[in-house]
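Peer 1: okay, structure incoming, though there's no sequence with it:
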């Protein structure tokens, strides 16, 4: 299973998060300075060091956490491509803020117990990472299964193993943020108060893009920037036609020559954010293989 085209193409938010967290973690976190930015009940609630709510999600405290964490953030860039950068940026902010609140509530609830008394939680974007496991579990289909020494695995197993390693990397210090992140993902998935329709404001998004423009252009090749600009122009000027259908209609086999796609496969693609007509066309091209159809739909969005 892959997460679409390689690199950060059409995933600028993920790109900033990966490079920013990686850089800050190398400079501060892996050198033993992460405790300065960690969350604890005493420091946040009693000493009113609220700035920790902003700094804690920005760095990892150890090299293994850094490697597994950045890999998972990079892998989950597929969701930014599916829902768009504005919605994804709101998802990042929501999952991070909600996870921080849950962490403080948990620390306050167990402040007098032996379980979490005096515990300093591991810093890092645990909210974003483990909230992303919710749509990964529900919306990304399994394309292959295989056995290793009699144990059954799927192509999604390696992502789950990386998440488990990160979740248990510091035992309860990382377990609490991970569980809180999953809860944040479930809240977003349930679409409480229509939260899944909320986007990061366009004006703020444009200002943010200008702020990070030097950083983003420095990490992209000229050819990639040209394609991105062309894609943005096409998004603004193109009529509301069927872009996927127009592009691949000539090579797609006639629908009548194939068995009708299972409704479950169509529903899976629709749940990932694709139009039903596009899903049917992609399944026809992929001969009803959901994984191949997903990749075709993703590639049609970024080319």
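Peer 2: Received, thanks. All values derive from a computational prediction rather than experimental measurement.
Peer 1: residues touching the helix or strand harbouring residue 131, excluding its own?
Peer 2: Applying DSSP states H and E as the criterion places residue 131 in helix 126-139. Taking CB atoms under 8 Å, 6 or more residues apart in numbering as the criterion, the residues outside helix 126-139 that touch it are 17, 57, 69, 72-73, 76, 79, 91-92, 95-100, 156, 159-160, 163, 166-167, 174, 177-182, 184-186, 188-189, 268, 271-272. Yep, even glycine has a C-beta here, placed from its N, CA and C like the rest.
Peer 1: count of neighbours near residue 151?
Peer 2: Per other CB atoms under 10 Å, the neighbour tally for residue 151 reads 8.
Peer 1: just to revisit the earlier point, gap between the helix holding residue 131 and the chain center?
Peer 2: Computed by CA atoms, centre = their mean, to the nearest Å, the separation of helix 126-139 from the middle of its chain amounts to 7 Å.
Peer 1: use 589 as the first number for this chain going forward.
Peer 2: Taking 589 as the first residue, the last one we looked at is helix 714-727.
Peer 1: rewinding a little: which of the contacts of helix 714-727 are buried? Put it as a ChimeraX command.
Peer 2: In ChimeraX, this line selects whichever of the contacts of helix 714-727 come out buried by 16 or more other CB atoms under 10 Å:
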select :605,645,657,660,661,664,667,679,680,683,684,686,687,688,744,747,751,754,755,762,765,766,767,768,769,770,772,773,776,777,856,860
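Peer 1: from the contacts of helix 714-727, which land in helices?
Peer 2: Secondary structure assignment by DSSP state H places 605, 657, 660-661, 667, 679-680, 683-688, 747-748, 751, 754-755, 762, 765-770, 772-774, 776-777, 856, 859 of these in helices.
Peer 1: and residue 675, that one's in a helix?
Peer 2: Yes: residue assignment for residue 675, taken from DSSP: H, G, I helix; E, B strand; the rest coil, places it within a helix.
Peer 1: which ones are touching it?
Peer 2: Listed by CB under 8 Å, 6+ apart, the contact partners of residue 675 are 784, 786-788.
Peer 1: name the nearest of those relative to residue 864.
Peer 2: When the contacts of residue 675 are compared for distance to residue 864 (CB to CB), residue 784 comes out closest, at 17.9 Å.
Peer 1: and that closest one, helix, strand or coil?
Peer 2: Assigned with three-state DSSP, residue 784 falls in the helix class.
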